[in-house]
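In: Quick check, what structure comes out for this input:
(one chain, ligands or ions: 1)
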Amino acid sequence: MTAAAGHGGPAAGAAGPPPAYGPGAPWPGASRLPNAAARLTSQDRVPRGRGAAQWEPNGMSVTPVLDLRGIDKSFGPVKVLHDVDFTARPGEVTALVGDNGAGKTTLVKCIGGIHPFDSGRYLWDGVPVRVDSPRAAAALGIEVVHQDLALCENLDIVQNMFLGRERRRGPVLDETAMEELAVTTLSALSVRTMKSVRQRVSALSGGQRQTVAIARAVLWDSRLVVLDEPAAALGVAQTQQVLELVRRLADKGLAVVLISHNMNDVFAVSDRIAALYLGRMAAQVSTSEVTHTQVVELITSGRSGDLGLPRDADTPPGAGAEPARGPAA
Ligand SMILES: Nc1ncnc2c1ncn2[C@@H]1O[C@H](COP(=O)(O)OP(=O)(O)OP(=O)(O)O)[C@@H](O)[C@H]1O
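Out: Below is the predicted model of the structure:
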């Protein structure tokens, strides 16, 4: 079965309810999203850019789905995250940037329940929660797409998308239901580059693999998807496709966190930029309000003009993660 052929919903922008699948359709998990903005099709949303996506059509500010406050994390004597605040909102791409060793992956692992943090608050829809395992994160609707993608080469796209969470009808796998849901999900994300969902992953390009990993992440009632350098190993055309897919995720109401070292990608797709510097959140700003140069300065020195950490931040310039000052909380 092809991934997209033969699944045209109503024409984009047509009156009436959004199509069940095809461009403009919510993906299968979207019905769980509580926020009205989350259920809008991309045609309904305020056009992105200059901070527009942080507002719902009724003019109300979108509440962060994820709100981290004062997160500290040490590995033994090495303190990696210092008093980090971080938010992610539905309908927005938040780029998480920072130099090598700044703490991006560590922060993402705290978000995904892989690393317990030492102190700080983890708010989900404004409510304090405990996320102490990947299972707990998944239960909230958090999916992390790591750089290695964790796909099985010898399995096909459907098998990979449902790996470990297979659908069953009685004692047997419900291949038809899984295949249909895989097709629907890819189609709802306007993915048309896959010939068949029964292709083995070993036969896919880097961009197609990334697409499968992202589609797998949104299959499970996801509300927040974290993408760790999704375009790191891709060429120009495939990078463009993946960035468009990243944008579509947000336009369908997901909160998306994008780790990237590539400023062009960051500015092409993000609504906000969170810059980590030596384990501290230097600034979290609207993309429309900063320049490339300012973001590079935030990454390399922790401040730019009025933006960023105060000069007397107690982090030695040029240092990597600094030693913790006391026992982990
Ligand atoms: N499990 C660990 N044990 C000890 N130190 C760690 C561990 N994981 C990360 N670190 C340290 O934490 C610091 C931040 O690492 P992290 O991988 O979070 O940075 P990053 O911003 O993702 O970097 P990069 O862009 O290079 O991937 C580094 O100094 C790293 O050596």
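In: And the next helix or strand past the longest helix seen in the chain?
Out: Across the chain, the longest stretch assigned as helix under DSSP state H is helix 236-251. Going down the chain from helix 236-251, the next helix or strand is strand 255-259, by DSSP states H and E.
In: Going by contacts, tell me the helices and strands next to that next one.
Out: Judged by 3 or more CB pairs under 8 Å, 6 or more residues apart in numbering; DSSP states H and E, the packing partners of strand 255-259 are strand 78-88, strand 93-98, helix 104-111, strand 224-228, helix 236-251, helix 263-269. Bear in mind the C-beta positions are built from the backbone N, C-alpha and C, glycine included.
In: Can you tell me what sits against the fourth one?
Out: Put plainly, it is strand 224-228. 65-66, 88, 105, 108, 111-112, 140-147, 214, 217-218, 246, 249, 254-259 (CB atoms under 8 Å, 6 or more residues apart in numbering).
In: Intersect these with the contacts of the ligand.
Out: residue 105 (CB under 6 Å from any ligand atom).
In: Show the model's pLDDT score for residue 69.
Out: You'll see residue 69 listed with a pLDDT of 97.
In: List the contacts of it.
Out: With CB under 8 Å, 6+ apart, residue 69 has these contacts: 85, 120-121, 123.
In: Reformat these as JSON lines; add distance to the ligand, secondary structure and pLDDT.
Out: Below are those laid out as JSON lines (distance: CB to the nearest ligand atom, whole Å; DSSP: H, G, I helix; E, B strand; the rest coil; pLDDT from 0 to 100):
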{"residue": "85", "distance to the ligand": "17", "secondary structure": "strand", "pLDDT": "96"}
{"residue": "120", "distance to the ligand": "16", "secondary structure": "strand", "pLDDT": "96"}
{"residue": "121", "distance to the ligand": "20", "secondary structure": "strand", "pLDDT": "96"}
{"residue": "123", "distance to the ligand": "22", "secondary structure": "strand", "pLDDT": "97"}
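In: Would you format these as TSV with distance to residue 210 included?
Out: Formatted as TSV, these follow (distance: CB to CB, whole Å):
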residue	distance to residue 210
85	29
120	31
121	32
123	30
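In: which of those residues are buried?
Out: 120, 123 (16 or more other CB atoms under 10 Å).
In: Now, of the contacts of strand 224-228, which are buried?
Out: 65-66, 88, 105, 108, 111-112, 140-146, 214, 217-218, 246, 249, 254-259.
In: separation between residue 67 and residue 128?
Out: Distance, residue 67 to residue 128, using CB to CB, to the nearest Å: 10 Å.
In: Same drill for these two, tell me which one is more crowded.
Out: residue 67 (19 against 10; other CB atoms under 10 Å).
In: Near residue 221, how many residues? Count them for me, please.
Out: Residue 221 has 17 nearby residues by other CB under 10 Å.
In: Settle this for me: residue 80 is touching residue 102, isn't it.
Out: No. If you go by CB atoms under 8 Å, residue 80 and residue 102 don't touch, sitting 9.2 Å apart.
In: Now list whatever residues contact both of these two.
Out: Joint contacts of residue 80 and residue 102 (CB under 8 Å, 6+ apart) are residue 279.
In: Residues that sit against both of residue 67 and residue 128, list them.
Out: Common neighbours of residue 67 and residue 128 (CB under 8 Å, 6+ apart) are residue 121.
In: Show me which residues of the chain are close to the ligand?
Out: 75, 78, 80, 98, 100-106, 320-321.
In: try 5 Å this time
Out: 75, 80, 98, 100-106, 320-321 (CB under 5 Å from any ligand atom).
In: give me the low-pLDDT residue ranges for the stretch 101-250 of the chain?
Out: In the predicted model of the stretch 101-250 of the chain, no residue satisfies pLDDT under 70.
In: ok, 90 please
Out: The stretch 101-250 of the chain contains residues with pLDDT under 90 at 146-150, 163-167, 170-171, 184-195, 205-208, 210-211, 214-221, 229-242, 245.
In: where do the helices sit along the stretch 1-150 of the chain?
Out: With DSSP state H, counting those that start in this stretch, the ranges of helices along the stretch 1-150 of the chain come out as 104-111, 134-140.
In: buried set for the last one?
Out: Of all the residues in helix 134-140, those buried under the rule 16+ other CB under 10 Å are 137-138, 140.
In: Out of those residues, the closest to the ligand would be?
Out: residue 137 (17.0 Å; CB to the nearest ligand atom).
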